[in-house]
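>>> Could you work out the structure for the sequence below:
(chains A and B)
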Amino acid sequence: MTPVRALIAVLGLASADAGTAAEAPAPEHAAGQAVYAKWCAPCHAPGVTHPGTHALMTKYQGIKSGVLLDWNDLPAVTVKYWVRHGISVMPHFRKTEISDAELDQLAAYLARNTPGG
Amino acid sequence: MRVAPGVRPTDFASALGEFERVVGKDWVFTSDADLDLYRDAYSPFLNEPEERTASAAVAPSSTEEVQQIVRIAGRYKVPLYPISTGRNLGYGGSAPAYSGSVVLDLKRMNRILEVSEAGAYALVEPGVSYFDLYRYIQERKLKVWIDCPDPGWGSVVGNALDRGGGYTNANYRNHFDSHCGMEIVLPNGELLRTGMGAIPGAQTWQQYKSGCGPWVDGIFSQSNFGVVTKMGFWLMPQPEAYLRGAVSVPRYQDLMPLVETLNLLENSRITTGFPDLSSPLLGYPPIGQLQLLIERGPPAISDAHRQLLGGAALGFSPELEAFGVRSGIPYWELFLSYYGPMEVVDAQWQATQRHFARIAGAKFRVVDRTPLPVDPARIEDYHEAEHGVPSLRVFSIGARTPWNPTPSKGHMWFSPIIPRTGEAIIEANRVFGEAARSLEMPLFRTFTLPACFWERSFIFILATPVTEDPAVNRRYREGFKKLIEVGGRHGWGEYRTAPVFQKSVMDVYSFNDHALQRFHATLKDAIDPDGILSPGRYDIWPRHLRGKHA
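Got it, this is the predicted structure:
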């Protein structure tokens, strides 16, 4: 095992990466899921080939999943903040890209497992 | 409310009111929160007062609306700054070149007007991203490929107008060269079509590029003479098969014949895919494997190897070379890609090997040989863009990974063009390496290889990070400008740059007392005398602002 692969195993990154099968959203989240698929998934889908996921896996070191869809502590207000402000190399998104209405749908979708989300 | 520079507040308010009547209230943005979304997310002026920002933004949905907005702006002398998808990160993003301009956000103009499988072309509006065009083609199962840069959310039109590049066959990689036909709103609001599109009822707008008479398309790229609202592009018919081969050579001096032979084969169209130069001995990966390395971490090297690398100058020491020969680690490895029928790519690869075999010790291996398209489930095993598949994987550069615990705030691309020779690679490393060291710039710290996007020349595309520290960013900005000057003194120039560096870059293009820049100014005065469109873009200013801006 190379040092890099050993590191991944020790940190549990590989397991944090697995197990997020594509799920069919509840009907009320279909629109939010579509926004996610178009704008978020290219960086936040499961696996280290998605830079947002890799960054979050690195940040949380196996304490929680690097995949946003797995989170149950992601309030809608937090989603909206990061989409409009960006972080690190993730830029902010304009309203011509993700409108306020679409952002509401996206935030509700990502917060669907968050109590009081 | 912010106000555009040089415009009376009452006139600005009137202009905004008229914009609203054209596009609707929802698509004119004036609040600070909304205008923050037009900041350049990778601005090297992060948290500094010099950051270039918008005074308002207006987002039309049609060419007719663009015409009306441009005419209104003309009446009130309001500077507009058109953006397509605004994702030109590292080259300026969505922020205006002239601070206080009104951003003309064309993202809503996202119609794919035509994709012809039989004709292998597309006609699109500026808000169409590579993702959009790719999805459209996939949904309809059309057998054509796009050629995309690494970030898939960029505008097909905008990237071509900024003269970006991609990764498939040579005649598609240069995105401006692969366009065919434009529609442009001129600064007076008039509509222009170029090439065959100038014929009413044109039958070959996307089939013949230049029409008759002067071919003006070029002046609408990297410029500010019009708002391009439609653009045609030639697409590659989906190839039957793909072959990726690697040529490796053992010695430092082999770089010279390696590049010479590559040029002969590429200029003869024997090899047509993206040539990808690497150095296993120097630990310099090919671009096609860069993302894998970032994702999986750098390969382990022995202590002896590391020590020898530390003692090399310009990537060379006799001991390092001897170590490479002894250990079977090639000095240089060139990856070559071929698209076409299997029997054709096999024959191309065979001819390729015959030509490179003149270099003593050259070795060959087939990295991949597969029918196309590859299984979508396997696409991540590849550099997606070499298969015409857009992604955002490249953003792993600078992002947090186990090997990069301190993510950056963005980057500015330093991207000079140099000659297509091995000697030029070494000379550029010497010149830029010395300059970068004295300027404390994080570039050329080790021997650096250029990329082969363009035929006939090399290009370095090097990320200079944007950090949280204004003092560091200031040093990097000043160092960046100095590197541009140093390149210019050696006859090298940037291919493209962010607004903050456009004056420095254009100053290098100074033959005959800046004849080219003076010609640009002459055009500006003739086409846009009031400077309505993108003042300052590529250092082209209207008369009343000329010479007053850095």
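>>> show me what contacts B:Arg456?
B:Asn263, B:Asn267, B:Arg420 (C-beta atoms under 8 Å, 6 or more residues apart in numbering or on different chains). For glycine as for every other residue, the C-beta is placed from the backbone atoms N, C-alpha and C.
>>> Just the pLDDT for the first one.
Going back to what we said before, that points to B:Asn263. pLDDT for B:Asn263: 98.
>>> Just say helix, strand or coil for it.
Three-state call for B:Asn263 (DSSP: H, G, I helix; E, B strand; the rest coil): helix.
>>> Would you mind measuring from the nearest residue to it once chain neighbours are set aside to chain A?
Excluding its sequence neighbours, the residue lying closest to B:Asn263 (C-beta to C-beta, 6 or more residues apart in numbering or on different chains) is B:Arg420, at 5.5 Å. Per C-beta to the nearest C-beta, to the nearest Å, B:Arg420 is found 31 Å from chain A.
>>> go on, B:His514?
B:His514 is 35 Å from chain A, by C-beta to the nearest C-beta.
>>> Quick check: buried residues in the helix or strand containing that residue?
Under the criterion of DSSP states H and E, B:His514 resides in helix B:511-527. The neighbour-count check on helix B:511-527 (16 or more other C-beta atoms under 10 Å in any protein chain shown) flags B:Gln517, B:His520, B:Ala521, B:Leu523, B:Lys524, B:Ile527 as buried.
>>> which residues does the fourth one contact?
To tie it back to what came earlier, the one meant is B:Leu523. B:Ile219, B:Phe225, B:Ile540.
>>> ok, those vs chain A, which is closest?
B:Phe225 (23.9 Å; C-beta to the nearest C-beta).
>>> Return the residues of the stretch 51-200 of chain B in contact with chain A.
B:59, B:85-87, B:89, B:93-94, B:105, B:107-108, B:127, B:131, B:152-153 (C-beta under 8 Å from any C-beta of the partner chain).
>>> Run through the neighbouring helices and strands of the longest helix along chain B.
Taking DSSP state H as the criterion, chain B has its longest helix at helix B:470-489. Packing partners of helix B:470-489 (3 or more C-beta pairs under 8 Å, 6 or more residues apart in numbering or on different chains; DSSP states H and E): strand B:411-414, helix B:422-439, strand B:462-465, strand B:493-494, helix B:499-508.
>>> Dump the ones you listed into a markdown table; add mean pLDDT and distance to chain A as well.
Formatted as a markdown table, the helices and strands packed on helix B:470-489 follow (pLDDT from 0 to 100; distance: least, C-beta to the nearest C-beta, whole Å):
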| stretch | mean pLDDT | distance to chain A |
| --- | --- | --- |
| strand B:411-414 | 94 | 8 |
| helix B:422-439 | 98 | 22 |
| strand B:462-465 | 93 | 10 |
| strand B:493-494 | 98 | 22 |
| helix B:499-508 | 97 | 17 |
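>>> for the residues of the stretch 51-200 of chain B next to chain A, which one is nearest chain A?
B:Lys107 (3.9 Å).
>>> which residues does B:Tyr284 contact?
B:Ser278, B:Thr446, B:Phe447, B:Thr448, B:Leu449.
>>> Closest to the centroid, which residue in chain A?
Centroid-nearest residue in chain A, with C-alpha atoms, centre = their mean: A:Leu68, separated by 2.5 Å.
>>> Please tell me how far B:Lys482 sits from B:Leu262.
31 Å (C-beta to C-beta, to the nearest Å).
>>> quick one, which of the two is more surrounded?
Shown here are B:Lys482 and B:Leu262; by other C-beta atoms under 10 Å in any protein chain shown, B:Leu262 has more neighbours (22 against 16).
>>> contacting residues around the nearest residue to that one once chain neighbours are set aside?
Spatially, and ignoring its direct neighbours in sequence, B:Leu262 is nearest to B:Pro275 (5.7 Å; C-beta to C-beta, 6+ apart). Taking C-beta under 8 Å, 6+ apart as the contact definition, B:Pro275 lies against B:Leu262, B:Glu266, B:Leu334, B:Phe335, B:Leu336, B:Ser337, B:Cys452.
>>> Now do residue 34: how many residues are near it, please.
No chain in the question, so chain A it is. With other C-beta under 10 Å as criterion, A:Ala34 counts 15.
>>> actually chain B
Neighbours around B:Asp34, by other C-beta under 10 Å: 16.
>>> cool, the one 5 residues further on as well?
B:Arg39 has 20 neighbouring residues, counting by other C-beta under 10 Å.
>>> now do B:Ala57
B:Ala57, neighbours per other C-beta under 10 Å, totals 28.
>>> And for B:Thr464?
B:Thr464: 22 neighbours (other C-beta under 10 Å).
>>> Please name the residues that touch it.
B:His411, B:Met412, B:Trp413, B:Phe414, B:Met441, B:Pro442, B:Leu443, B:Tyr476, B:Gly479, B:Phe480.
>>> For it, which non-adjacent residue is closest in space?
Using C-beta to C-beta, 6+ apart, the closest residue to B:Thr464 is B:Met412 (4.8 Å).
>>> Please apply the same query to B:Met236.
Closest to B:Met236 by C-beta to C-beta, 6+ apart is B:Trp145, at 4.5 Å.
>>> Looking at the stretch 251-400 of chain B, which residue is nearest chain A?
B:Gly297 (3.5 Å).
>>> now the residue nearest to the centre of chain A: how far from A:Leu74?
7 Å.
>>> Also A:Gly47?
19 Å.
>>> before we move on, what about B:His520?
Applying C-beta to C-beta to B:His520 and A:Leu74 gives a distance of 50 Å.
>>> same question, B:Ala312
For B:Ala312, the distance to A:Leu74 - C-beta to C-beta - is 48 Å.
>>> All set now, cheers.
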